[in-house]
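Colleague: Quick one: sequence plus predicted model below, questions after.
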Amino acid sequence: MKISNKIFISYIVVFITILGMLFYPRFTFQPKKEVFFCGTPDFYPNKSFKTENLREGRKLFKILCASCHKLNKKLIGPALGNTALDFNYFVAYTRSRDSLVKTKHKRAVATTKEYVGLNYNHNFNQLNREQIKQVFEYCNLE
């Protein structure tokens, strides 16, 4: 066989391989995968967040809290919307749940026992008090 025929055949093989790689995934059966949404829906779609604090609180909640907490129902953690939480307790629990449990704070111990099967880290030391206040205000928006 001539060298030119070998080159031609190799080009055809490469071309067919590329076509196969492009079209094969489209024609194979792939079962539908369920996609779970780990964000938080917009519970206040008609509200305009007039203050910067509420906008920042909403952003922080969606970034840091929404994977475990919802505003209106229990998820991995308790619902945070419009609950009767004391702000100082909210700050302490947000920064370090473990230190509150060690001091045997009743509410912290009860919450931790309720979610005892879950292994999670609830220490958000990167947040300052003002940022936690913004999240608290967003959660308690009427």
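Modeller: That came through, no problem. What you are looking at is a predicted structure, and each value in this text was computed from that prediction instead of being measured.
Colleague: where does the protein have low pLDDT?
Modeller: 24-49, 116-121, 142 (pLDDT under 70).
Colleague: Can you tell me the SS state at the residue most central in space within it?
Modeller: The chain has Ser67 as the residue nearest its centroid, 3.4 Å off, counting by C-alpha atoms, centre = their mean. With DSSP: H, G, I helix; E, B strand; the rest coil as the basis, the three-state label of Ser67 is coil.
Colleague: again with the one 4 residues further on
Modeller: Leu71 falls in the coil class when you classify it by three-state DSSP.
Colleague: Pretty sure it sits against Ala79.
Modeller: Yes - proximity of Leu71 to Ala79 meets the contact threshold set by C-beta atoms under 8 Å, at 6.4 Å. All C-beta spots, glycine's among them, are computed from the backbone N, C-alpha and C.
Colleague: between the two, which one's more packed in?
Modeller: Ranked by neighbour count (other C-beta atoms under 10 Å), Leu71 and Ala79 place Leu71 first, with 20 against 14.
Colleague: and the nearest residue to that one once chain neighbours are set aside, how far is that from Ile7?
Modeller: Spatial nearest neighbour of Leu71, chain neighbours left out: Gly81 (3.1 Å); criterion: C-beta to C-beta, 6 or more residues apart in numbering. The gap separating Gly81 from Ile7 is 70 Å, by C-beta to C-beta, to the nearest Å.
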